[in-house]
Structures are given as structure tokens and as C-alpha cells.
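Participant: What would the 3D arrangement of this be:
(3 chains)
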Amino acid sequence: MNPLDLVRAEPGPAFTVTLDGRTIDVLPGRTVAAALWAEGVTSWRTTRGTGRPRGVFCGIGVCFDCLVTVNDRPNQRACLVRLAPGDAIRTQEGTGHDD
Amino acid sequence: MVGAACALYAAREGFDVTVVDRGPVAGGTTGAGEGNLLVSDKAPGPELDLALLSGRLWADLAEEYAQAVEYEAKGGVVVASTPEGLSALETFAEGQRAAGVLAEPVAADRLHNLEPYLAPGLAGAVRYPQDTQVMPALAAAHLLRASGARLLTGHTVTEVLRGKDGSVRGVRTDRGELHAPAVVNAAGTWGGAVASLAGVTLPVLPRRGFVLVTEPLPRRVRHKVYAADYVADVASDSAALQTSPVVEGTAAGPVLIGASRERVGFDRSFSLPVVRELAAGATRLFPFLARVRALRTYLGFRPYLPDHLPAIGPDPRAPGLFHACGHEGAGIGLSTGTGRLIAQVLAGGRPGLDLTPFRPDRFSEEAV
Amino acid sequence: MTDGPHRLAVIGAGPAGLAACLAAAARGVQVTLIDAAPEAGGQFYRRPASGLGARRPSALHHRWSTWSRLEQGLAAHLEAGTVEHLPDHHVWTVERTGQAPGAGPGFTVHALIGPLQERSVAVRADAVLLATGGYEKVLPFPGWTLPGVVTAGGAQAMLKGGLVVPGRRAVVAGSGPLLLPVATGLSAAGVEVAALVESLDPRRLSRAAVALASAPGKAVEGALYAFQLLRHRIPFLPRHTVVEAQGEGHLEAVTVAALGPDGRVRPGTARSIPCEAFAVGHGMIPHTDLAEALGCRVDGVNVSVDDEQRTDVPGVWAAGETTGIGGAELALAEGHIAGRSAAARLHGTAPDPSPAARVRTRTRRFAAALDTVYRPPLHWADQVTDDTVVCRCEEVTAGRVREAVTDLGAGDLRTVKLLTRAGMGWCQGRICEPAVAGLTGCEQTPARRMPARPVPLGELARAGADDDESHDDGNDHAPGRDTQPPKPTHP
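Facilitator: From the prediction side, this is the model:
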């Protein structure tokens, strides 16, 4: 069993986005976080103090742990932002703002 | 902060010091301040002299505590948007230089070397290398600890005890009496209330200010940067809302944005109109901030005395009572000098600065 | 504000907000339903994004029939124009405006649009109903910042909304009624749930049995989950707690241990369970930021309301988790009562007694009883080593938090924050506040968080200004139209 089978999902056609330039397939309606989990990716930023990896924690937009850069906009919450075809996701370091 | 500095310098003079606060450490205006140690916004006169003294003392303390209190000598940059504003600013700076302030003119075409993200089209600026910053809550906590003073937080002073001859002999708190031949009123914005417990008047009024804090950023704002009209606002007597943009980066990452001034009593409610003005001013000065997010706001109440000078020194109306309050928005910066002066007069010595302009009883005389 | 029907802004489209919205709209109030999510339902009725084409979304839910009724009710009101739904609107403050003499209260709700939250709009209303819900409380332990460690609610939200799971093998742990559905949900979705670790002592359950039995629906639900645990073969470890999460860059295992009767870990009982994901939670915390911005009284961490769900600020109602954690059934009842009251008060009358009041009484009693049963281990802080990060945003360790109290004289949360930066980061202490309170012994007081969400300074600079691009489009809705709204769905 997987989650898609559980709810008898018949998703629309997948589209592609990029993660640090690598192409990944995304089912329509998925957030950045869901798309990355589906790819087996669980961390996509490092902290500005000690450079530790982080990914989803609260999953509902409260904790800001899952910050990520989408289409050159830093510090987006991966758990909230739904992807569109062609979106460019970039892992981010520190403040997310290029120095 | 002022209380912590008084405790530190009094202890260094050999006094046995107890610090009493109804709240926690840095619970009043200290915890709501940006921690500026400024000379740039002060006209020649007693306050500037106190600021210069304080700056030297801060630099001494920094040798030991720089890291703990996040001491950063980043310097201030005051910008003028028009040629008229610039010439007024340069005249102001000339007077300051005569009083011992380092003030370097910055031509318009050099401005972006100092602050690359500043808006274009500014007329010029003056740079003040002596302007410095500390993290005020950390500064208060570390200076208190360094003083070795007994710390009684959560104790509310309910009475200033007076002897038969009228001299002060200690305080009563909600948890008992503390006896001492000298009491220093360093209650900041609440200094007037403490003075009245001793039966004397000190007209300290709250002047509310908001600070906006952004998301953490790489160092894009290097100095404390503000518009020349800030100086006029500081010196103003108006009760109405005044805002002038004051923008600075911090070691921790966020950019702090002030400064608003209004006399609205101790109203702690969030005010969107004030915060909107702050945001507008900051984005005019630094356009890149328009897309940077504000994470939070905080507010505090500056202890304001009618002539914008603090009350420092003995109170002849109540022998044994000393005041060290009413520093308005400059209390962090002026705290060290204030503490040193208080310690000197406590020890019966000659203060390093003439305290006449700071006399606590100067307002009652005027009233008479 | 005197033209047309009275306007109520309901903030939050979960069970409480939806029930309130339907109750008020059915009574002649024009409702603007403002919600952060792309679709109504809140956390409880979060459903897969429509693009995922779920034909049987009910597989991830219970009480689906209630949702169907709410959904149909909302659809009918949207069709009739009596409700306007503003999804993807993230409210960052609510201003009291319109306080002209005789004008009565008036409010402006400021919200950022879309997940990017780059543009702000203003929505004006005569009254405001806060149904902002809650979020999960997680107490720290060594390793809790490792990727792969998620909140129980977070695992559930990702599953319900994105149809994804955090790994092939998971441990669910903590305390509270949410853990069971999370464990069974993950299991149903194909995750091997290696253990359900609950600090609950089942003996306390029997002591609270009388109060718990007062809510028969809940008891059935509980029995159903117990059955599902069996069915999914999920090992259940009551009176156990997490000690540590381990891994290099990603979670590899968690160490759990048994709790003694004193609430401390029993020596020698620690065991390591390999897993890729760890879903942990210790109950819920209400969202109270907007209530605080409006100056509403907050008792402890709950917005204070009267029998009609009115706050102490005229024109402001509150319902659901924001007034105290109690679950969806309570939220529905409170929302319904609040919506009825708001409608009546806006029309200048008093509300009729509602049958929902009895449901509210019963479910509140049940929630209180649950609260006595589900408690984090008394001495959870013992496990938090000095090098454990407590404030995830600012990376402040437990050692520094403790030092602020022992060495620097902090005695309350605000001072700890000032001296350590714990709570000054992106989340503004929403996550670490209960942890800091527990570590320091400071009381958890409502933090003033304004704005309630990060706002671009450029938007802040123009918010509410006269040239604001406001959402004040009330004239689009013909006032007094005669479409009869359907019966309120609850209760």
C-alpha cells in the first residue's frame, strides 16, 4: 500500500521542476515539501549558525524550518508553496540571501 | 541598564550594593531598546559631554565584555536627502567636532562605498566613527553580574524610608525593608514614581517608541544609518507622533528599524499607523528592504524629562537620595558615565563632569 | 458600514470557522471567510490537493459525513453569495478601525495573499470571529533537529494534503490523542510503524473513565483506534518516552525508554529502534496572536470567551482551539454558538439558546479529562542535555537557556529571550516557548507577536493606507437577496 493507492488517487499528469538544476517529476497539487519527500529528499537547507541540515518539521507553516528558495525567492516555506511546472527549487544556506 | 552601571561603578568604589527591581533584569526600557551608544545625535552641551565620557567607559568595559554584550563599534552615518539638509547637517557636525566628536563628511559619490544598499540620489552624509552598539539586555545582565551586587528582582519598592532628620535610610519593599544610607533612583521611565515615594517630584514622562525587526540577513546595513531629521525629532517637545528612519544591521543578523516618538502614556497596544511609518521610512532609505520581511515589532517607553536631560546626582530635597534616570532614548549609551558620576558623588568625591545641568530639583525651582 | 447587511469576517476555515460561518450566514449576515489554506477544512479536514485526484479521500479521515455537510453548506452559501471565501489569505493583523462616534466597532483584517505572501490586502468588517485553531507542541530532546524528525501533526498534514510519507519505517511518540490516528494513518499508507511510544499511563485512563465515558462518540472512536493498532500490528509502548534521536545528517534511529512512576526514565530500559522517520507531539497550543493584537483577554494560553463565545473586546468572537484545545467536535459546537451570537448581536438582538451548548459542555468536560490523562513526562527536561538545541530558529542550546536563569538573573520568558535569542527567530518562539518555559520553570505567558506572520516591509509601508488596494467589494453582493440559506449543519 502507498498513500496514493489508499485514497485511490488518479493524479493529473506529472510535470517537471528543478531542484538545484536537477529535473524532478511532480504530481499536480503537491507542495515543494511533498514533492521533495516523494523524491526521498528530506533536507534542503542548512542553518545560519552551525550549518546543520533541516527539512519539514511542523508541516503546517508554523515552524519555518523548511525554508527553501523557489524561483530566486529565498525563505519560502516548502510545506506551503505548491509547485507549478518549470519552478526552480534551490536548497539554501544561512539566511538564504546571497552575500 | 543605568541601575546596572550605577551598581558596577559604586561597587568599584567599594560600596556594598543591593539592586532592587520590581521586574526582571532589563525588564523596563532597557529590554526594549536598540542599545545605541551615540554621539552623532547630540548637540554640543552637557548631554554630549556625558555621551563622550560614557563612550570612553564603554570602550574600557569592552576590553573585558565586548563579546558578552555584543559591543560593536560600527559607527553611525547620518544622511541628508537635500543640499539644504546637508549644509544644516554639516554645520551641526562642525559644532560637534569643536566639542570633541569625530565627524567625517561623506560626499554623495562616496556614500555607496560606505553603505552599498542606500537609496540613490542622497545629497551626502556625515560619518560618526564613535557611534557604537551593545545588546542592552546582555549588557545590563553582565554588568550586574560583574558588579557583584546583591540582586533582588521581583521586589517592588513601596516606600523610601526617611529618618527623623529627613535623610534617606533605605527602602521598604513588598518583601521587607532594606537599610542603606544612600538610595539611587535608577527606575528609568518609572523614576518619577520612585521619586514620589521619597516625597519629591521628578517629572519623568513616557515617550513611546516602536522598533521593527527584520528576518536575519547577511550584513547589508553596515552602520547605524539615519536621516538628518532624526536629530530634530529627538529634541522635539511634541506629544504627537514623530517618525524618522533609523536603520541598522546587527551582529545577530536582523536589521532594526526605528524610530518613533509619541507621548501616549503607557499604552502597550500595537499601532499599525506607527509601524507603517517606520517601514515606509526604512524602505525609502534602503529600497532593498521593501522585499525583506519584518518578523516582529516591540515597543518601549523612553523616560523623558521636559528639557531632554537626565536627572543625575544628589537630591537636596531628600539627603541620601540620588537620581540616575530620565535619559530618554539614550539611557544605554549614557549609563556608564551616569554610573561613574553617581559613584563619584556617593564616595563624596568631585564628579568628573559638572552635574549642575542634571540637577534633579531643577524642575521644582522652575515651577516656583 | 451601514449599507447592506452586516459583515462578519471569520478568520480560519477549520471546523470552528466553518460552523460559525454557516450559522451566521444562515441568519442574514454577510460572511467573509478568510483562511490561509488553499481549500477550506483546516488541519482536521485537510484533504489531498485536487490535482492529486483522490477518489476516496475519506480513507484518511473519520467523521467524513460531518465534513460533507460542512462542505455542502459552504457551497450553497458561496453559490447564494452570502459567504465569500478568501483562501490563501494569511492574516497578519486585525486592526480596530471605524471607531467614529456612534459607528460601533469596525475592523480591518490585513492578509498576505498566496503562499509567497508578497502582497497584502485589507478586508473590512463590522465584526470579527477568530477561529485560528492551534498547532502542535513538541518538547525537545537530543537529536530533534535531525531531518526525519517531524511533528505528529506535520506527518499527518503531509500525508493528508500531499499523499506523501516521511520514510518507510517510522516511530510515533509523545503524548496526546493525536498520536493514535497518526500512527494508524501512516500504517494504512504503507509505512511500517515500528512503535507507538506514549508517555500515558493507562492506569490514569481508568481513573478518568467516568468523565471520558461522558462522550460516547469519543469512546467509540478510541476503541476503534485500539482495534486499528492491533489490526496494523503497531507495537504500543505506554509509559515510555523518547530519550534521543540519532543519525548523521538524517535520522537513523531513536532511543526510547520506560518511565517510572515518578515520571523519570527508568535506568536500564533504554532501547534503540532503527527508523527513517520519527513523528512526535506533546499536545496542542492555541494560536492567539490576532486576539492579542486586538487586545482580547487571554487566560494562560487560551482566548477568554463568555457563554456566547464573545471575547471581552466588543465585536470580536472566538471559537475552537484558540479558546482552549478540545478537538473538532468542541470546535464545531463553539463555532456554531459563536456564529449564532454574532448574527444576533449584529442585528441588535440576543441569540436564542442553542442545542450546541450542551455539546460544548460535554466535550469541554471530556477535553479537560483527556488533559489530565495525556501529560508529557513530568521530568522530560532531564533528557535535554546542555548541548541540545532548544530554539530551532536561532540555534540556542538548553545550556544557554539554563545559564540565563542561573547566571544572568532571568526569571521570566521575555528575559530569557532577551538574553539568549531563544524565540527571536522566524517562528517567533511558537515552537520553543513551551520548552523554554519547562526548562527554566518560567510560567508560559501569552507572547505578543505582531505581526502574526512575517510581512514584507514594502507591504507594511502601505498597509491600511488610503490608497491600499482593499478587498472592500461589498457592493458586488446585492444586499437582502432572498436566497434562503440551507439549514445550519451543526449540531
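Participant: Give me the packing partners of the strand ranked longest in chain B, helices and strands only.
Facilitator: Using DSSP state E to define each element, chain B has its longest strand at strand B:293-304. Identification of packing neighbours for strand B:293-304 by 3 or more CB pairs under 8 Å, 6 or more residues apart in numbering or on different chains; DSSP states H and E yields strand B:205-214, helix B:272-285, strand C:455-456, helix C:457-460. Every residue, glycine included, has its C-beta placed from N, CA and C.
Participant: of all those, which lies closest to C:A318?
Facilitator: helix B:272-285 (20.8 Å; CB to CB).
Participant: Now do the contacts for the residue of chain B at minimum distance from chain C.
Facilitator: Across chain B, the shortest distance to chain C (CB to the nearest CB) belongs to B:A290, at 3.1 Å. B:A290 sits next to B:283, C:456-458, C:461 when contact means CB atoms under 8 Å, 6 or more residues apart in numbering or on different chains.
Participant: mind redoing it with 6 Å?
Facilitator: For B:A290, the contacting residues are B:283, C:457-458, by CB atoms under 6 Å, 6 or more residues apart in numbering or on different chains.
Participant: Columns neighbour count, distance to C:I234 and pLDDT on top of these, output as a markdown table?
Facilitator: As requested, those are exported to a markdown table (neighbours: other CB atoms under 10 Å in any protein chain shown; distance: CB to CB, whole Å; pLDDT from 0 to 100):
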| residue | neighbour count | distance to C:I234 | pLDDT |
| --- | --- | --- | --- |
| B:T283 | 24 | 54 | 96 |
| C:L457 | 25 | 48 | 97 |
| C:G458 | 22 | 50 | 96 |
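Participant: Filtering the residues you listed by proximity to chain A, which remain?
Facilitator: Contacts with chain A within the contacts of B:A290, counted by CB under 6 Å from any CB of the partner chain: none were found.
Participant: B:A26 versus the residue nearest in space to the middle of chain A, what's the distance?
Facilitator: Using CA atoms, centre = their mean, the residue of chain A that lies closest to the mean C-alpha position is A:V32, 2.8 Å off. Distance of A:V32 to B:A26, given as CB to CB, to the nearest Å: 40 Å.
Participant: So which residues make contact with stretch B:179-194?
Facilitator: Outside stretch B:179-194, the residues touching it (CB under 6 Å, 6+ apart) are B:2-3, B:6, B:28-29, B:168, B:170-171, B:195, B:202, B:204, B:206, B:301, B:303, B:320-326, B:342, B:346.
Participant: Just the ones of those in helices?
Facilitator: Residues of the contacts of stretch B:179-194 located in helices (DSSP state H): B:2-3, B:6, B:195, B:342, B:346.
Participant: Can you tell me how far the residue nearest to C:P454 when sequence neighbours are not counted is from C:G324?
Facilitator: Excluding the flanking residues, the one nearest C:P454 by CB to CB, 6 or more residues apart in numbering or on different chains is B:R293, at 3.7 Å. According to CB to CB, B:R293 stands 31 Å off from C:G324.
Participant: C:G14 too?
Facilitator: Counting by CB to CB - C:G14 and C:G324 are separated by 15 Å.
Participant: B:G33 now?
Facilitator: Relative to C:G324, and taking CB to CB, B:G33 is found at 36 Å.
Participant: Those two: which is more packed in?
Facilitator: For B:G33 and C:G324, the more surrounded residue by other CB atoms under 10 Å in any protein chain shown is B:G33, and the numbers stand at 28 against 23.
Participant: contacting residues for the more buried one?
Facilitator: B:136, B:332.
Participant: The lengthiest helix in chain A - contacts with which helices or strands?
Facilitator: The residue-count maximum for a helix in chain A (DSSP H) belongs to helix A:32-38. Helices and strands touching helix A:32-38, by 3 or more CB pairs under 6 Å, 6 or more residues apart in numbering or on different chains; DSSP states H and E: there are none.
Participant: run the last query once more with 8 Å
Facilitator: strand A:22-26, helix C:152-162.
Participant: of all the ones you listed, which lies closest to chain B?
Facilitator: Comparing the helices and strands packed on helix A:32-38 by CB to the nearest CB, helix C:152-162 comes nearest, at 21.4 Å.
Participant: just checking, C:V171 touches C:I273?
Facilitator: Yes - using CB atoms under 8 Å, C:V171 is in contact with C:I273, at 5.5 Å.
Participant: shared neighbours, those two?
Facilitator: Joint contacts of C:V171 and C:I273 (CB under 8 Å, 6+ apart) are C:194-195, C:254, C:256.
Participant: and of these, the nearest to chain B?
Facilitator: Closest to chain B, out of all of the shared contacts of C:V171 and C:I273 and judged by CB to the nearest CB, is C:V254, at 30.5 Å.
Participant: burial of that closest one, as a residue count?
Facilitator: Under the neighbour criterion other CB under 10 Å, C:V254 is assigned a count of 31.
Participant: Could you do A:M1 as well?
Facilitator: 10.
Participant: Show the low-confidence segments of the stretch 151-300 of chain C, by residue range.
Facilitator: C:205-227 (pLDDT under 70).
Participant: try it again with 50
Facilitator: Of all residues in the stretch 151-300 of chain C, none has pLDDT under 50.
Participant: Spit out the contact partners of residue 41.
Facilitator: Since no chain was named, I'll use chain A. With CB under 8 Å, 6+ apart, A:V41 has these contacts: A:19, A:55.
Participant: wait, chain C
Facilitator: Residues in contact with C:G41 (CB under 8 Å, 6+ apart) are C:13-14, C:18, C:47, C:67, C:71.
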